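1. Following is a predicted model, sequence given first.
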Amino acid sequence: MKKLFLIAIAVMSFTITSQAQNFRFGLKGGINFATLNGDFSDNIDGRTGYHIGAVAQFSLLGTFAIQSEVIYSAQGIDNIDIDYLNVPVLFKLKFAKIFSVEAGPQFGFVVNDTSDLGDPESFDLSGALGAGIEISKFFAQVRYNFGVTDVIDNMDARNAAFQLSVGYYIF
């Protein structure tokens, strides 16, 4: 009975250890080049902002991973700040050991706004496409986020943001 118990503990320990090697958690930050696309987008200037937050990545089968983030992101246009708490859920394909491409939905929640055009919607649904590189615990990403839903009441205006990020996996 003791041998069976010890074997069970050894198997569980091995499973937990191997699962932990597939999970990474880190912090990231970077710059946004944001704008609003829609009917009036020809006459506006974009906003240069920032983003900062946490990243969790779970690798499956070595080349496939799911990455979720919680990111504070300064978006909007010149003179209209609309800041979000964004939660992208990205599906990553890794290749050549250090490169990856990613795509998935992003869920945004307004946390700050200075819009005089109208009240911003409290929720924004976007799509995200990007690529990245990971070297040891360091990573860099480039991503384009494109809005699916209108962000201001009674206006054809959707978010668009080009992001450059750097980060570090704590574990």
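-> Okay, I see it. Residues are numbered from 1 along each chain as shown.
2. where in this protein is pLDDT low?
-> Along the chain, the model assigns pLDDT under 70 to residues 1-21, 40-42, 117-118.
3. What is the helix or strand where Ser100 lies packed up against?
-> Per DSSP states H and E: Ser100 is located in strand 99-113. Secondary-structure packing of strand 99-113 (3 or more C-beta pairs under 8 Å, 6 or more residues apart in numbering; DSSP states H and E): strand 64-77, strand 80-95, strand 123-135, strand 138-147. Every C-beta, even on glycine, is put in place using the N, C-alpha and C of the backbone.
4. In contact with Lys97, which residues are there?
-> Contacts for Lys97 (C-beta atoms under 8 Å, 6 or more residues apart in numbering) come out as none.
5. Assign it to helix, strand or coil.
-> The local conformation at Lys97, judged by DSSP: H, G, I helix; E, B strand; the rest coil, is coil.
6. from the middle of its chain, how far away would the host helix or strand of Arg24 be?
-> Assigned by DSSP H and E, Arg24 belongs to strand 23-38. The chain centroid and the centroid of strand 23-38 are separated by 6 Å under C-alpha atoms, centre = their mean, to the nearest Å.
7. in it, what's buried?
-> Buried residues in strand 23-38, counted by 16 or more other C-beta atoms under 10 Å: 24, 26, 28, 30, 32, 34-36, 38.
8. is it possible to export the residues you listed to CSV including distance to Ile71?
-> Shown next, in CSV, are the buried residues of strand 23-38 (distance: C-beta to C-beta, whole Å):
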residue, distance to Ile71
Arg24, 16
Gly26, 12
Lys28, 8
Gly30, 9
Asn32, 10
Ala34, 13
Thr35, 18
Leu36, 19
Gly38, 23
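9. The nearest residue to Tyr169 once chain neighbours are set aside bridge partners, please.
-> Leaving aside its sequence neighbours, Tyr169 sits nearest to Gly26 (C-beta to C-beta, 6 or more residues apart in numbering; 3.8 Å). Beta-bridge partners for Gly26, by DSSP bridges, are Val55, Tyr169.
10. what's the answer for Asn86, then?
-> Ile71, Gly108.
11. ok, now Leu60?
-> Judged by DSSP bridges, the bridge partners of Leu60 are Phe64.
12. quick thing: my sequence starts at 711, can you match it?
-> In the new numbering, first residue 711, that becomes Leu770.
13. From what I see, it and Phe801 are in contact.
-> No: if you go by C-beta atoms under 8 Å, Leu770 and Phe801 don't touch, sitting 10.0 Å apart.
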